[in-house]
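> pasting a predicted model and its sequence here:
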Amino acid sequence: MTAGLHSERTRLAWVRTATLLAVAGLVAAGAGLRGGEGPGMIAPFAVAALCGAILLLRTGARYRRVERALREAGPLDDTADARLAWAGVLCVVAGSLALVLSRV
């Protein structure tokens, strides 16, 4: 392994997570709109897409923070990004559960 690439791999993992969250939220919200679902069913997916989009926008700043923390051997605080990712994932889960329960 090449030294220093772990921050690049971490950045790519965040990009994949954020992209998947944004795309899945948009696709599910779009399907709900086309299917005539109410705002209560569409809102969680729209919030998930928003969380993914924000995470994507923050990718560059997060990468710079990681690199600076590695150079200076300082602590890295990723709690805001992690909480945003969890909020998006929980919105997808809640929306999916609501959608499945409405179909039963």
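Noted; the coordinates are in hand.

> can you map out the strands along this structure?
In the chain, no segments count as strands under DSSP state E.

> would you map the helices across it?
Remark: helices assigned in the chain by DSSP state H are 6-34, 39-57, 59-72, 79-103.

> distance from the chain centre to the first one, please.
Its chain's C-alpha centre lies 6 Å from the corresponding centre of helix 6-34 when counted by C-alpha atoms, centre = their mean, to the nearest Å.

> and the angle from that helix to helix 79-103?
Taking axes from the mean of the first three to the mean of the last three C-alpha atoms, to 10 degrees, one finds helix 6-34 and helix 79-103 inclined to each other by 30 degrees.

> lowest average confidence, helix or strand, in this structure?
When the helices and strands of the chain are scored by mean pLDDT, DSSP states H and E, helix 59-72 comes last with a mean of 79.

> that one: how far from the chain's middle?
Remark: helix 59-72 is offset 19 Å from the chain centroid, using C-alpha atoms, centre = their mean.

> pull out the buried residues from it.
Buried residues in helix 59-72, counted by 16 or more other C-beta atoms under 10 Å: T59, R62, Y63, R65, V66. C-beta coordinates here come from the backbone N, C-alpha and C atoms, glycine included.

> for R16, give me the pLDDT.
With respect to pLDDT, R16 scores 91.

> okay, now the unreliable bits of this structure?
1-5, 7 (pLDDT under 70).

> what do you get if the cut-off is 80, keeping everything else the same?
1-11, 60, 62-63, 65-67, 69-70, 73-78, 103-104 (pLDDT under 80).

> so I54 touches A85, yeah?
No - between I54 and A85 no contact is recorded; they are 9.8 Å apart, counting by C-beta atoms under 8 Å.

> what's the burial count for the nearest residue in space to M41 that is not next to it in sequence?
By the measure of C-beta to C-beta, 6 or more residues apart in numbering, the closest residue to M41 outside its immediate chain neighbours is G32, 5.2 Å from it. Per other C-beta atoms under 10 Å, the neighbour tally for G32 reads 21.
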